[in-house]
Each structure stands twice: as structure tokens, then as C-alpha cells.
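S.K.: below: sequence and its predicted model.
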Amino acid sequence: MTRIDRVWPDPADDLDDEALLAETRMPDAPWLRMNFISSLDGAATRGGRSGGLGDDADRRLFDLLRRPADAVLLGAGTARTEGYTAMRLDDAAAAWREARGLASHPTLVIVSRRLDLDPASAMFTDAPVRPVICTVGSAPQERRERLAEVATIIDAGATEVDPRLLREELSSRRLRRVHSEGGPTLFGSFLEADAVDALHLTMAPRLEAGAARRIASSAEAVGAEMRLVSILRAGSELLLSYRR
Ligand SMILES: NC(=O)c1ccc[n+]([C@@H]2O[C@H](COP(=O)([O-])OP(=O)(O)OC[C@H]3O[C@@H](n4cnc5c(N)ncnc54)[C@H](OP(=O)(O)O)[C@@H]3O)[C@@H](O)[C@H]2O)c1
């Protein structure tokens, strides 16, 4: 298992999974956190995907961060680009959740305006929990009807998904602790609505240059201030935790 140390606060070496889960605990209250990886010069992708930036330590934390979540939230662009399959945790993670009164697996929630999602994708056909698609009133009717056969469709806005309304809709379905795996457009819209409570950011020890995007994008600058909560380290990589 790839070694992860805590640098700050309370330095500790070689944290085991339980220590990492305690470190990254989510409060019981409705809570929404984002998880991203960035190169040192701010690239959110390498070769068009985030996976190109990560290593085993990032992957280890990525998997653990899903574990306590009621829902794992994705923008449709990330679902399409990163080749997502069903939101199914491994047996140990499912047992961990069941022992704490959680559903065996988190609910996958995808945000999409155009509904350009394949109902035959394993995200839907192999899902252990019926996924949720959060969309808008103006979404194409035919796609909506086809996806309604494999997912629960929620409207949360007329032409844009309103992040605050989305959070209320999820909370009312007992999906209170929401862990989001991106991507940049989704993050930007949630920042514009001031609907993000926390950020886990892996700083990959690479310099990418090129034209890669940043981890958040929106038409207008936002300027949300964040407070550092902890610094983990795996070799030259930093795993940072921030709160609003
Ligand atoms: N570095 C990282 O940690 C990380 C994490 C995730 C993704 N990525 C990368 O980011 C890239 C994808 O970027 P992206 O910006 O397209 O990803 P995204 O934010 O996941 O997806 C954007 C799409 O999500 C939907 N969407 C997001 N916010 C919406 C809102 N408020 N209302 C309605 N629909 C909304 C729209 O879907 P429709 O088009 O279906 O209408 C929109 O086109 C990929 O290259 C991926 O690898 C990097």
C-alpha cells in the first residue's frame, strides 16, 4: 500500500486506512466536498484526463474519500471523459459502510443539461443503487424518457442546474453527504452559487504547461477563500484538505 504521511497538523507516519478515513471524515450535516488533482502549474488533466496526473497514493485516497458518502456527484463531462462505470465499492468498503448503517454503495448523481448520456452504459446497467440524473426543465424530452428507465431524474433549474436546489433535492432524498469527483464546469457553477463546503486537492509533483484546463471554470471570477485543514504527503505529492 502506498505510504501516506500527515505533515500538518500533528505529524504522523504511514497512516492506515482507518486513520485516513478519520482524517477525511464528513460531518453529519448536509455537506458537499470536491475532490480534484492538479499539476503544480495548475493543469487539471494530462492527455485529456485527470488519471494521467495521479499515482497510487492519489488513487488510494480517491477511493477512501468515496467511502462515507451518501452520494458521489459528477458533471456529465467527467462521466463521459473519464470512462465511469457503475458506482460499486469493493467488498471491504461495502462492509465498512453497512457496519455504520449506510447503504452498501453511494448513489451516483450526474449533472447534465443536454442529457447526452448512454442508458446502456455500465454506469446505469450495472449500478448497485439506482443512479440519479440532475437536469433542467429544458432538457431534451426524448433523452429524458430513455434515461428515466435506468435512473431517477430530478429537475433543479430551468436552463442551468441550480447547485443549491440540487443540494436541497438530494438532502430530501437522504443524500446529505455529497462527495464530488468533478469536473471543472461543475465545480465552477458550485463556486458561483457558494455551494461548496470543502475541497480535497492533490498537488501532483509535475509541471505540465500546455493548454490543459484548471480545476474550476466559470464565466465570472469567484474568489472564494478557503481554510487549510490538513496536509498529507506521499513522497513529493501533497494531498491538501481545505474548507470554506
Ligand atoms: N483534475 C481533476 O481532478 C479532474 C476531475 C474531473 C474531471 N477532470 C477533467 O475535466 C474534463 C471535463 O471537464 P468538464 O468541465 O466538461 O467536466 P464536468 O464539469 O464534469 O462536465 C461539464 C458538463 O456537466 C454538466 N453541467 C455541469 N454543471 C452544470 C450545471 N450547473 N447545469 C447544468 N449542467 C451542468 C453539463 O453537461 P451536459 O454537457 O451533458 O449538458 C456540462 O457540459 C475532462 O478532461 C476530465 O478529465 C479533471
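M.R.: Sure, I can see it.

S.K.: switch to C-alpha atoms for all contacts and neighbour counts from now on
M.R.: Will do.

S.K.: was I right to think residue 140 contacts residue 114?
M.R.: Yes: counting by C-alpha atoms under 8 Å, residue 140 does reach residue 114; the two are 6.6 Å apart.

S.K.: of those two, who's got more company?
M.R.: residue 114 (16 against 13; other C-alpha atoms under 10 Å).

S.K.: for the protein, what lies in contact range of the ligand?
M.R.: 36-38, 44-45, 48-50, 74-78, 81-82, 111-116, 160-162, 181-186, 189, 215 (C-alpha under 6 Å from any ligand atom).

S.K.: ramachandran angles for the nearest residue to residue 9 once chain neighbours are set aside?
M.R.: Of all residues not flanking residue 9 in the chain, residue 230 sits nearest, at 6.2 Å (C-alpha to C-alpha, 6 or more residues apart in numbering). Main-chain torsions, residue 230, degrees, to the nearest 10: phi -160, psi 160.

S.K.: for residue 230, which residues make a bridge with it?
M.R.: residue 241 (DSSP bridges).

S.K.: in strands, which of the residues of the chain next to the ligand appear?
M.R.: Cross-referencing the residues of the chain next to the ligand against strands under DSSP state E gives 36, 37, 38, 74, 75, 111.

S.K.: just give the nearest non-adjacent residue to residue 42, would you?
M.R.: Using C-alpha to C-alpha, 6+ apart, the nearest residue to residue 42 is residue 214, at 5.6 Å.

S.K.: what residues are up against that neighbour?
M.R.: Contact analysis of residue 214 by C-alpha atoms under 8 Å, 6 or more residues apart in numbering lists 38, 42, 43, 44, 184.

S.K.: what's next to stretch 187-198, contact-wise?
M.R.: 31-34, 162-164, 215-218, 222, 224, 241-244.

S.K.: circling back to that earlier point, can I have the buried ones of the residues of the chain next to the ligand as a ChimeraX selection?
M.R.: Listed next is the ChimeraX selection for buried residues among the residues of the chain next to the ligand, using 16 or more other C-alpha atoms under 10 Å:
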select :36,37,38,44,45,50,74,75,76,77,78,111,112,113,114,115,160,161,162,181,182,183,184,185,186,189,215
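
S.K.: tell me which stretches of the chain form helices.
M.R.: 17-23, 56-66, 76-81, 91-99, 122-125, 141-147, 163-172, 184-192 (DSSP state H).

S.K.: any idea which of these is most buried?
M.R.: helix 184-192 (a mean of 22; mean count of other C-alpha atoms under 10 Å).

S.K.: ok so, going back, mind listing what the residue nearest to residue 9 touches?
M.R.: Contacts of residue 230 (C-alpha under 8 Å, 6+ apart): 6, 7, 8, 9, 240, 241, 242.

S.K.: repeat for residue 109
M.R.: Contacts of residue 109 by C-alpha under 8 Å, 6+ apart are 71, 72, 73, 74, 131, 132, 133, 134.

S.K.: returning to that earlier point: adding distance to residue 98, write the contacts of residue 230 out as JSON lines.
M.R.: Output for these, formatted as JSON lines (distance: C-alpha to C-alpha, whole Å):
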{"residue": "6", "distance to residue 98": "28"}
{"residue": "7", "distance to residue 98": "31"}
{"residue": "8", "distance to residue 98": "31"}
{"residue": "9", "distance to residue 98": "31"}
{"residue": "240", "distance to residue 98": "28"}
{"residue": "241", "distance to residue 98": "26"}
{"residue": "242", "distance to residue 98": "28"}
